[in-house]
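Here's a sequence, model it:
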Amino acid sequence: MQTTSAAMTEHKRGLTIHENRAFVERIAWHAVGIIKVSASVDHEHHVIADDIGTGTACGWEGRKIILAAKHVVINAPKGLQFLLRVGEAVDWDHGPTGFASRVSLPIEKIIGCKDEDLAAIILKPDGLDALNVRFCEFPKQLARTRSTKNDGSLIIIGYPHDCTFKVSESKTDEFIACVPTVLTGHIAAAPENPISSSYDPDKHILIRYEPRSPDRKPFGYSGAGVWCDPAERSAPLWTAEPLLFGVQTEAFIHSRLLKAVGAPAIRKFLEESL
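Presented below is the predicted three-dimensional model:
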């Protein structure tokens, strides 16, 4: 599997176009495509394909990790591979300009959260400096509250299945390319009718799923970081300082809502596990 170098913005609201682009540039350094090798099996057509999700590169107490949804990284029959950013900047004028091959990262171990659909892929330190990825600084870049600016405006970069396309295939395997896509959403109130027993309003965030194309499905965003503008700033000059507000873990298709595990639950998981 491969990925194009430039992110495509679904739509924006709440931020100016310049602020939105500055945030995307920063967040794109941390967004990592996660390939679950040969995890999707089509028994009818006898084809084995890769499955895909998203993670966030971050550092916690001196350790480098990929924070992801647990269901994205467990039960990988042939292991995990990763898609990293191409180039140094998003080409906003010309769009996708190249492809990045999948890479293997030096995984030490994977720790799953017992209470939430969260996992931390702990990496060995050797060779990470040579990779085109930056590890956001936790807990500095991890939100402390559920308050946001811009009326709850949030940014997600993920690898949605609907943005994949076939590049080659063999008798038993299929190889696809995937475009990292930026999705801007807003915090949503819980609907009157219960949506799922898995939703806990004290730990989770609901996000309105409003892609540019109404038929586009959210699959592939699982594990992606949900980012916000900090409610307070330490300096008077505006800079792009995104905070991780949550990790997207589930989609409620009929309600057009995404569920994310909030930052306090993420902090608790990391404190207890690492």
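
Looks like residue 217 contacts residue 158 (just checking).
No: using CB atoms under 8 Å, residue 217 is not in contact with residue 158; the gap is 11.7 Å. Backbone N, C-alpha and C define where each C-beta goes, glycine included.

who's more crowded, these two?
The neighbour comparison of residue 217 against residue 158 (other CB atoms under 10 Å) goes to residue 158, with 28 against 14.

Assign the nearest residue to residue 242 once chain neighbours are set aside to helix, strand or coil.
Leaving out its chain neighbours, the residue that sits closest to residue 242 by CB to CB, 6 or more residues apart in numbering is residue 227, at 4.2 Å. Three-state call for residue 227 (DSSP: H, G, I helix; E, B strand; the rest coil): strand.

what residues are up against residue 227?
Contacts for residue 227 (CB atoms under 8 Å, 6 or more residues apart in numbering) come out as 23, 27, 154-156, 242-245.

just for this structure, where's the confidence low?
1-16, 38-49, 77, 91-100, 146-151, 165-177, 231-238 (pLDDT under 70).

quick check, residue 265 in a helix?
Yes: looking at residue 265 with three-state DSSP, it is inside a helix.

Surely it and residue 205 touch.
No: Residue 265 sits out of contact with residue 205 when judged by CB under 8 Å, with a separation of 10.0 Å.

neighbour count winner among those two?
residue 205 (26 against 20).

the longest strand in this structure is where?
strand 47-60 (DSSP state E).

any idea which residue sits dead centre in this protein?
residue 224 (1.7 Å; CA atoms, centre = their mean).

Just the contacts of residue 227: which are in strands?
Per DSSP E, the subset of the contacts of residue 227 in strands is 154-156, 243-245.

The residues you listed: which two are farthest apart?
The most widely separated members of the ones in strands among the contacts of residue 227, counting by CB to CB, are 156 and 243 (13.4 Å).
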